[in-house]
Structure formats: structure tokens, C-alpha cells
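> This is a predicted model, with the sequence first.
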Amino acid sequence: MKKTLNLKQLKSKKDVPYEDPHKEHRPFEVPTAPTYYPTKEEFKDPYEYMAKIRPEAEQFGIIKIVPPASWNPKCVIDSGSFKFTARTQSLNMIGAATRAALDYMERLANFHKLSGSDMREIPSTSANKLLNVYQLKNAVTSHLGGFEAMQTPDWEQLSKKLDLEILPHSNGQYLRSFYLDTIQPYESFLKKQEQEEALSHGVKRVKKENFSMRLATPSHSPETDSKPSFETPTQQILQYGNDNNPPTPMSDYLKVQKPSTANKEALPTMRAKAKRKREPEVEIASLRRSSRIREASEEAVTFQKPVFDPYAQQRKKFVADRLALLATQPKTLLSIEDMDVNEDEDDYSDAEGEDKESTQNTPEEGPSFVCEKCVQVEPFHELAVCHSCMESFHIGCLDKPLTEVPEKWFCVRCVVGDGSFTFEQSGKMWTLNEFKKRADKFERQFALQMGLPKDIADDPQAYESWIESQYWRLVNSIDETVTVEYGADIHVDKVGSGFPVASNDPYNKYAKDPWNLNVLPLRKESLLRHVQNEISGVTVPWLYVGMMFSTFCWHCEDHYTYSANYQHLGATKTWYGIPGADALKFEAALRANVPDLMEKQPNLMFQLVTMLSPQTLLKFGVRVYACDQKPGQFVVTYPRAYHGGFNQGFNVNEAVNFAPPDWVDFGTESVKVYKKFKKPPVFSHDELLLKVATTKLTPDTAQWLAPHIKTMVEAERARVESFRQETQQMGSPVKEVRTGDLEEDAYCCKKCEALCYLSHIVEKTNKNTDTVFCYDHWRDADLKKSTLRVRLPVPEVETIYKDVLSTIPAY
């Protein structure tokens, strides 16, 4: 029988001083965000109190609120039944600059492997750190005139800037030689590939889910494979025909058809049954995913007992090639082998609840992989497996089918790169007790490995600062990594809230308390109570179970709403916040630091996978503030305030969004930004405002609401009139139809993901399905098959506006 965690033994509000002690030192000297201590009277109404402190508080983007000492709700999580999966996080892949550098280094190594020549060993700096090849590339690229214009003094100066000290003299010449042999061929290849894309009808980017490519096959002779020529890999990729035929555009070789609808529907089930099983020797994720062959964490790696594998020799060669490919990459200073990660098998269970023995490979079939196109399961030896990321395909599922499984093959993402990155789920279902046990063990072993001084260990403030310094060192390191896990975005409607709820405990005074996060977003002052459906993570709280270094990356809240985060139990959570007024400065700093990533992933700021250190942001003039959250304390983030942070140990937090009337302008701005970056909104902003307008209005509500309804009326009138006029001039007038309530998917623009609540253009396809277009993208529709579907005509919206005006006493 599994042990349950006694929540009473965890650090809680009773163990935290009411007033925060002054923190003497914080890394990078980041200023501290303000902490507010409301009185019992002030604490009665959260919205009234938020309005009171807003003029000062919103200047920081993030604040901490310490409730009165008498306010102390008991955490009611059932630790026996509470189970969750966790996401795996490698710290230096979270760092924007380090991820860009490691991704570039991996693609560079892939390129040289394909060229048939060994990549030169990456030199070290005078501090015995690996030379940042990506930084070198950027420095040369940004030099006026580029590589061709750089003279000997320029190289000497650059070698000093990069702290390169290989030779007593002529380090600049060594650096030039390294660049010429290692980086220039790859940059020439990328430039040529971009030119070919331009010729291929403007193909802009190679998407992970749509493409694969054959870069080398067994048909190439050893002589061809060993040529060091810069042209060899390009020819392999483009598969040039004879001299009478023009080269085939790269895009023709990269495309892989999307899975059929049937396959798409079957995908979740098939993937659940077809988990990729790999021997310990083949547990080698690419730098893009884990950033090292060996991970410095017990959390992300599970050692399995070897099983008989009839294809062992083939797999052994696969691993040997993979190791050779990564041989020039930086070595980790923290090794999983140095940590005891063997736990009793009862300490965790499969996320799918399967018996472990049932997932072992049988001698007959060998280890199984999944084809990324058709999602069928096959033994390892029957699929083309990318030597970098290990994604696999049937040779017949490639757009240009192969006659046999290639020995050396890379998918396009691992050579050209698309900048994509995401956290992967660990695949284990944890109880709180199991997760805490491993989190505590990790913390102890990390302190031991790093040689934590006793005087720091005995001083809580010094210890927190030490952890914070270690965190940013690891996030910004290309030489070492630590991998942790984070139980994030756990739905309380599935596992239960840490706060009491009226349906389960109607006599608990905290069940209806206005600061209870199940109650806060639905109070009469919150506009989110007008959202038609419950939205998990927005109007319904999420829980978070952290361990040391687990990270919540820089982001703004959905629709730029406010957020409230309450810590129930455990260790400190360190936060960083940026005022909403500096949001554009933050985005500019991100673009300046990782231009390649931002070019390939323009919506990087929405992906919640990237950290940029406060030190870097402060250098770019971005205001950054920090705070340390303890049990029993709230952290509130303000509209459009970027925020992020990390956990200093095992803890349990809960968070939700809320939206008082002063949020509306930010919500309107979010609609424009989401449309620009094709980010799907989680609710319709227009619908929300109209729901507010058509409920019982107070004069105060009508006062702030009227200008927004007026803007909505004017914008809709202009869009509809422009559409009618232009289609009339084209000789293609579109029939207009009235519709009732629709599901959000039925009025979501195909091109930009905008929710067109009032009206939209609908095209009936040959399959009798609806394709929706907004007024900015209706020209992509076939007007002969289209109608203008109207939910609320402009005159009716005008009537609503007049009703709102009539509620204002001045009118």
C-alpha cells in the first residue's frame, strides 16, 4: 500500500513570519516588488482592495499580498487520491540564449556529419568553458561587411571578447581558421537553402509536423560520403538529377503528407499504446530536448533492466553514430551517474496505469517506434530514424520513398531548424508523497554535489539567494545542465482544489470566502463571470506542484487578465515581474538576444518555454522586480505584465485569473495582438462585453462600458459596409443569413484564429463543411460558395449601445 503525504508536516502559513524579513542580497540586485498587508476590514473585499492599491501596485507588474494573521484556510487536498503527471524541464534549454546556442551547435554538428568530414573540436575559453559557437557566428554576422570584411585585428579583438586563449599568440588567426572550417560551410548551405525556398513559390518555413527529409542514404558511396566539399550536403539534400534537368526544389523533398482524418482521430489512442521503448544505451535525446547525453537529474531518467534485442548490433551502431555526432558537443559537469536515482518500483506508476512488465519488449518484435506520419507501430529496424531527435518514419511514408532503411538520416528540423521547443511530459503518474520524496532527494544531492557551505545552509535567506544564483547559472550555461520536473496546470475540477468548495463542505466559512480562488473570478465585480463556459486555468483554478528549479517561464496571462496565485504549502516560490508598460521593451529585448529564434518562432512569447535573466533585461532598460512567495501568501500579477520564476523546493500552489472593469482596455489590446500572431483566444471579447451590456446594469458599469460598445458598433459597421461594397464592385455579392448561438469553433477565422462573434464569412467546401473567414481574410474564400453569417446586425448592436447610454444619469 502506498504511503500518503501528511500535509500537516509540510511548511504552512503558521510556520512563516507575518512580516517578511528584509532580504540583504538578491542576484543581479533586482529590486523587490512591494508587499501589502491589508487589515481585516480591507481584506473583506478583494476587488475593492485591488482598486485601492492599483495606482501604485500596477507600476511593478507583480505584488505580494499577505492576508491578516487570522485568515488561515486549511489545505484540503486529498493526498491519498491526488495524482498528476509532470513536465520535464532541462534548465539550459529554458534559457533563451543557451537554447539558441545549443540548437545551433547541434545543427552544425548534424551538417558536418552529413558532409562526411569530422567537425573540428570546439575550443575552450580561458575559464575552461566551451566556446559559444553561436555567439561567434552572431559576432561575425553582425560585423560591418561580415566575414569577408574582417581583418586580422578584428579577429584578435573578437578572440579577446570571447575569452579565447588557445595559443600564446595568434588566437585571432586560430578563431578565423575555426570559423572558416566549421561555421562558414554551414552558413553558406543555409543561405543557399533560403534562396531555393524563395524559388519554390515562397516557401517560408519548414514546420516540424509537415515535413521530413532524406539527407543521406546507404546508396551513397564511401567516397562520396567522405568528401569535405561544401557542396556535398546540399547535393544530397536536393538530390540533383542530370545536367539536363533543373534541381528539384528543396520543398519537394521535405514535404510529408499530413495523416488522414482517420489517423488523426486514432492518434491519441495509438500513441498511448505505442510508447517508445528504448534501452538505457539508446536513451539519448537530442540537445534540443535534453541538451546532453547524460542528464543531471534523477527526475527525467528512469533506468530499465535490459531485455533481449535481436537487433542489438544495428542499434549499437545507431548509438555509436549518435555518440560520434555529439562527440564535439560540450560535456555536462553534473552527471546522473553521480546521483543515486534507483527508487523502489512502487514509488511511481505509469501515467496510463499499465503494468510495467506489460510494456517490456518481447524477443520477437524488438523495441518499437511510431511512424510520425501514419502513427503505426513498427520494430526499430523497419523505420528511418533521425539520428538527432529520433523521430521515425516508414521509408514509404516519406514524400520521396526510399528503397531501404538508411543508416544515416536526419529530419529537416535537425539540420535546418525551425526553432520549435516544448516541454515533454515525464510519463509517470505521481502522488504527492512520491513526488516530494524525489524532490527532497534531488535537493539534498544537488547541495552535496555543489558543495553547499554549511554557513549558507544554516541561513534561510542566504540559502535562498544561493539557490537563485545556482538557478540562473544553470539556465545560462552551455556547459552543464540539470533536469527537473514540474507538476503544472493540474485541473482542480479533476483532482480537487486546495481550497474548500461549497458543494463538498457547505459549512466551511472559507468555502465562500471572496479570496478563495474558486470564488474570486466569479464575483459580481469580475467580468469573467460573464464568460459563457467555464475555462480551466482561467475561471477554474489550476494547481502546481513544484520542486527545486522547476520553472514557470516568462508569459502574460490569457487576454492580459489579472492573476492571483496562492501558496498552500512548502518551499519558497521566487517570482519576477515586469510592468505592463514595459511589455514591448521586454519583447524587444527577447528579439535582440535571440533573433534567430524569434524569426523562426514569432510567437515565442506565447509559448511559455523561455527565460531571459533579469540581468539581461535590466541591461536593456526593462524594469524587473522580484518577490519570494511563502505559504499563506498571494502573488498578484497585473494586466500585460510579463512574469516568470522558479520554485526553491517542493511546494503546492493554486492560481486563477480575474478581470475587474479596469482590465477591459488590456483585453481589447490582446485581441489585436492575438490576431496578429494567430494565437487562439480562449473566449470572445465582444461576446463578453455584450453579455455585460445586456445584464442588469448599474450607472457605474454603464459609464465605463459605453465607450467600448460604441467602438464595437463603429468597427463592425465599417467592416460590413466595406465588405458589401467591395463584393458588389467585384460582381460577387454574398448572400446574408441570420444565425443564432454557435460554438466558438464555428466562428473562428481559419487564417488568424480570431473569434468573429458578430458576423463572419462562411465558405461551404465540397465536403459540405464550413470554413470561416474574418473581414481581414475573406478574400481567401470562394465567394460563389460563401455567405455572410450574422449573429447580431449592426442596428441591434446600436440599440444595445443606446440602452447602455440611457443607464448613465448624465444622459
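All right, it came through fine. Numbering: from 1, shown residues only.
> how close does Tyr37 sit to Asp513?
18 Å (C-beta to C-beta, to the nearest Å). In this view, the C-beta of every residue, glycine as well, is placed from N, C-alpha and C.
> of the two, who's got more company?
Taking other C-beta atoms under 10 Å, Tyr37 and Asp513 do not tie; Asp513 has more neighbours (19 against 15).
> how about that one, phi and psi?
Dihedral pair for Asp513: phi -60, psi 140, per degrees, to the nearest 10.
> List phi and psi for Ile65.
phi -120, psi 120.
> Can you report how many residues neighbour it?
Neighbour number of Ile65 under other C-beta under 10 Å is 22.
> My guess is it contacts Phe634. True?
Yes. Counting by C-beta atoms under 8 Å, Ile65 touches Phe634, with 4.2 Å between them.
> Now do the end-to-end distance for stretch 6-18.
Chord length of stretch 6-18, first to last residue, is 24 Å (C-alpha to C-alpha, to the nearest Å).
> how about the strands in the stretch 651-800 of the chain?
Assigned by DSSP state E, counting those that start in this stretch, the stretch 651-800 of the chain shows strands spanning 651-658, 735-738, 759-764, 770-773, 786-790.
> Next: the stretch 401-550 of the chain.
424-425, 428-431, 483-491, 542-546.
> From Ile94, how far off is the residue lying closest to Glu468 once chain neighbours are set aside?
Spatial nearest neighbour of Glu468, excluding adjacent residues (C-beta to C-beta, 6 or more residues apart in numbering): Pro27 at 5.2 Å. Pro27 sits 16 Å away from Ile94, going by C-beta to C-beta.
> between those two, who's got more neighbours?
Neighbour count, other C-beta under 10 Å: between Pro27 and Ile94, Ile94 has more, with 26 against 18.
> can you pull the contacts of that one?
For Ile94, the contact set (C-beta atoms under 8 Å, 6 or more residues apart in numbering) comprises 475, 551, 553, 609-611.
> Can you select the buried ones among those for me in PyMOL?
Entered in PyMOL, the line below selects the buried ones among the contacts of Ile94, by 16 or more other C-beta atoms under 10 Å:
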select buried, resi 475+551+553+609+610+611
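> What is the most widely separated pair among the contacts of Ile94?
Val475 and Val609 (12.4 Å; C-beta to C-beta).
> Which residue ranges make up the domains of the protein?
7-86+427-677, 96-210, 261-419, 697-807 (automatic domain parsing).
> Make JSON lines out of those domains and add distance to His685 and mean pLDDT.
Output for the domains of the chain, formatted as JSON lines (distance: least, C-beta to C-beta, whole Å; pLDDT from 0 to 100):
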{"stretch": "domain 7-86+427-677", "distance to His685": "5", "mean pLDDT": "95"}
{"stretch": "domain 96-210", "distance to His685": "29", "mean pLDDT": "80"}
{"stretch": "domain 261-419", "distance to His685": "29", "mean pLDDT": "50"}
{"stretch": "domain 697-807", "distance to His685": "8", "mean pLDDT": "94"}
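> quick one, which of these is packed in tightest?
Across the domains of the chain, averaging neighbours per residue (mean count of other C-beta atoms under 10 Å) puts domain 7-86+427-677 on top, at a mean of 19.
> follow-up on the earlier one: can you list phi and psi of the residue nearest to Glu468 for me?
Here is the backbone geometry of Pro27 (degrees, to the nearest 10): phi -50, psi 140.
> Kindly report the same for the one 10 residues further on.
The phi and psi torsions at Tyr37 (degrees, to the nearest 10) take the values phi -120, psi 80.
> Can you point out the helix or strand that includes Trp575?
Using DSSP states H and E, Trp575 sits in strand 573-577.
> partners of that strand in the sheet?
strand 625-629 (antiparallel), strand 643-647 (antiparallel) (DSSP bridges).
> tell me the angle of it relative to strand 542-546?
Angle of strand 573-577 versus strand 542-546, following axes from the mean of the first three to the mean of the last three C-alpha atoms, to 10 degrees, is 120 degrees.
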